[in-house]
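Asks: Below are the sequence and a predicted model; questions follow.
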Protein chains: 2
Amino acid sequence: MKTAFETGAPESEISHSWPEFLVRARVLIDQKLDQLVPAEDAEPVRVHQAIRWSLLGGGKRFRPTLALATGETLGAPCAQLLATGCAFEMIHTYSLIHDDLPSMDNDQMRRGRATCHVRFDEATAILAGDALQAMAFETIAADDSLGTATRVLLLGELARAAGTPHGMVAGQALDLAAESGRVTEVELPQIHRLKTGALIVAAARSGAVIAGAVASDLKAISEYGAHLGLLFQITDDLLDVTATASDLGKTPGKDAQAQKATYPAIYGVEAARDLALQVHRDAVSALRSIDRPTALLTAIADFILARNA
Amino acid sequence: MKTAFETGAPESEISHSWPEFLVRARVLIDQKLDQLVPAEDAEPVRVHQAIRWSLLGGGKRFRPTLALATGETLGAPCAQLLATGCAFEMIHTYSLIHDDLPSMDNDQMRRGRATCHVRFDEATAILAGDALQAMAFETIAADDSLGTATRVLLLGELARAAGTPHGMVAGQALDLAAESGRVTEVELPQIHRLKTGALIVAAARSGAVIAGAVASDLKAISEYGAHLGLLFQITDDLLDVTATASDLGKTPGKDAQAQKATYPAIYGVEAARDLALQVHRDAVSALRSIDRPTALLTAIADFILARNA
């Protein structure tokens, strides 16, 4: 089955669903995040300002949107999905704050503004990241719209996807080890599967878990999430090569400068684009076994592929 | 009621219980921690080595021992307490790794050996801390000896005690802000209540939660834990003034050098010792309402007071 993106289907076919969904999700997520974090004037003021600077200063909200999309697709009410989605955004934001630190990627600019340690200071940035990680787990634990068995499942999956050896921290460690070294075509997907893929898969799964999905649907969503995570990484790498700083909101060309292992660096830009097309098809194919309308999930895959169009 | 410590009761009165308990707890906790963390040769090797360096390189295991002691006092089996106790040690260890970083307290020595960022590097130390925090939550979420409602309670309390505005990160932020500034007698207990107290109270409560304690016992344990946390901090501050590096396993006199707010700095050594005696009495008094033998919990308070004898 060709997707709307590939066939160039008239925009009207989907415009009443997914763009509205994206806009609505973004508003709801931003509101909920604002509610969940301490006010800027609450002590300790500086850490709370830093948390708000990094968490509420824009961002695509990809992970919570994905949790909302898989959840709503499989029948969960939005009210049960929002807090968990926000928890994923908290983990993602903490990882950006720590990855940007001088001893890590040493980035000055993120989402069009100063990174947390540049705007505040290094100690505050470390603490803001640490606090956001705790807040993510606190948010799910406190969500009494969900049963305790569901919360335990979600907390376990989030923790596993965030840590080591199966999650984000393991991926970041491998990525740092790979810098200035030679990364093979075998190692690269492994690094990204952990560094960005694990959290994206867990976000996709979280919506399905909250919806009480049957095993076959959960498996399909996991595969979709894995392909989507890879697609996201390839298009992110491509954007770093092709976009300008104002498009990107961060310093472009940093990957090449740091001799980071990226898809364009290993395969070349054209082959990386072809790979993105293939991975996009895989993501959409993974949805076939789900016996419900999955247009929203297909549209999200289309949207990510189109970032680099 | 005078405690064994205060009355100079014959050692035999308690020696068959609490010293044996302490030794046994230490062995069990160290074994369990070793099982819970990835092997040193598992990828990413460097982060796992750093985690093991910091987590398994000694340490008093005060928080897990406390969880075991309150839990066993109130009737929970040790097998249900161990994983949760270890989760508290993981959070504590991550906080030490991050607090020791150059942009925080810039410490070179901890528990008699090089700090994590000195032995490895700064990026690895940040990642090891981040991973330990995730692992703490993963450990409780995965503990199927406990019901899901209990796990959700424990995870919520741990997250709240670790984060901001009610926990450890908030305390560390206030502590950093206070350096080189003037801290009042009002602010000092507030800083420590958050920086070290919250996690100690939560560790004490966790044993009671697992034992299914009635509300009045949980309240008594919370008060005991709060006094114990304060006692721990005062004696820690006193040790920094009075002990040698080999006693302490870390650089002594660092607090004064960094113009840290400490009890001896604000009150003087003698008044701080008197305060420790008072707080010890408060901790023991808090146990009176519990209708079970609490000798073990009294002995732990005695033991902490005696650190500075």
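Replies: Noted; the coordinates are in hand. Numbers count the residues shown, from 1 in each chain, chains lettered A, B, ... in the order given.
Asks: anything in the strand or helix carrying A:V27 near chain B?
Replies: For A:V27, the host element (DSSP states H and E) is helix A:18-36. No. On the criterion CB under 8 Å from any CB of the partner chain, helix A:18-36 is out of touch with chain B, staying 11.6 Å away. (Each C-beta comes from the backbone N, C-alpha and C, glycine too.)
Asks: Buried residues, the next helix or strand after that helix. List them.
Replies: Toward the C-terminal end, the helix or strand that comes next after helix A:18-36 (DSSP H and E) is helix A:45-55. Within helix A:45-55, the residues that count as buried by 16 or more other CB atoms under 10 Å in any protein chain shown are A:R46, A:V47, A:H48, A:Q49, A:A50, A:I51, A:R52, A:W53, A:S54, A:L55.
Asks: Check stretch A:90-103 too.
Replies: A:90-103.
Asks: before we move on, back to that, CA atoms only for the helix holding A:V27, dumped as PDB, please.
Replies: Only the C-alpha atoms of helix A:18-36 are listed here, as PDB (Å, rounded to 0.1, in the frame of the first residue of the first chain):
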ATOM      1  CA  TRP A  18      -3.500  14.600  11.200                       C
ATOM      2  CA  PRO A  19      -2.500  18.300  10.900                       C
ATOM      3  CA  GLU A  20      -5.300  19.100  13.300                       C
ATOM      4  CA  PHE A  21      -4.100  16.300  15.500                       C
ATOM      5  CA  LEU A  22      -0.600  17.600  15.500                       C
ATOM      6  CA  VAL A  23      -1.700  21.200  16.400                       C
ATOM      7  CA  ARG A  24      -4.000  20.000  19.100                       C
ATOM      8  CA  ALA A  25      -1.500  17.600  20.600                       C
ATOM      9  CA  ARG A  26       1.200  20.300  20.700                       C
ATOM     10  CA  VAL A  27      -1.100  22.700  22.600                       C
ATOM     11  CA  LEU A  28      -2.200  20.000  25.100                       C
ATOM     12  CA  ILE A  29       1.300  18.800  25.700                       C
ATOM     13  CA  ASP A  30       2.700  22.300  26.200                       C
ATOM     14  CA  GLN A  31      -0.100  23.100  28.600                       C
ATOM     15  CA  LYS A  32       0.400  19.900  30.600                       C
ATOM     16  CA  LEU A  33       4.200  20.300  30.700                       C
ATOM     17  CA  ASP A  34       3.700  23.800  32.100                       C
ATOM     18  CA  GLN A  35       1.400  22.400  34.800                       C
ATOM     19  CA  LEU A  36       3.800  19.600  35.700                       C
END
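Asks: and the longest helix seen in chain A, what other elements does it pack with?
Replies: Scanning chain A for the longest helix, with DSSP state H as the assignment, gives helix A:215-242. For helix A:215-242, the contact count by 3 or more CB pairs under 8 Å, 6 or more residues apart in numbering or on different chains; DSSP states H and E identifies helix A:62-73, helix A:187-192, helix A:198-210, helix A:245-248, helix A:254-257, helix A:263-267, helix A:269-285, helix A:295-306 as packing neighbours.
Asks: So which of the ones you listed is nearest B:F21?
Replies: Nearest of the helices and strands packed on helix A:215-242 to B:F21, taken as CB to CB: helix A:198-210 at 39.4 Å.
Asks: what residues are up against A:A177?
Replies: Going by CB atoms under 8 Å, 6 or more residues apart in numbering or on different chains, A:A177 touches B:P44, B:R46.
Asks: Give me the residue at the spatial middle of chain A.
Replies: By CA atoms, centre = their mean, chain A has its centre lying nearest to A:R63, at 4.0 Å.
Asks: From B:A83, how far off is that one?
Replies: 28 Å (CB to CB, to the nearest Å).
Asks: A:Q133 too?
Replies: Per CB to CB, A:Q133 is found 20 Å from B:A83.
Asks: what's near enough to touch the residue lying closest to A:A149 once chain neighbours are set aside?
Replies: Leaving aside its chain neighbours, A:A149 sits nearest to B:T148 (4.5 Å; criterion: CB to CB, 6 or more residues apart in numbering or on different chains). By CB under 8 Å, 6+ apart, the contact set of B:T148 is A:G147, A:T148, A:A149, A:R151, A:V152.
Asks: Please identify the buried residues of the helix or strand containing the fourth one?
Replies: Here A:R151, judged by DSSP H and E, is contained in helix A:148-162. Across helix A:148-162, burial judged by 16+ other CB under 10 Å covers A:148, A:150-162.
Asks: Can I get the residues you listed in TSV including distance to B:L174 and pLDDT?
Replies: Shown next, in TSV, are the buried residues of helix A:148-162 (distance: CB to CB, whole Å; pLDDT from 0 to 100):
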residue	distance to B:L174	pLDDT
A:T148	33	98
A:T150	35	98
A:R151	30	98
A:V152	32	98
A:L153	35	98
A:L154	31	98
A:L155	28	98
A:G156	32	98
A:E157	33	98
A:L158	28	98
A:A159	27	98
A:R160	32	98
A:A161	31	98
A:A162	26	98
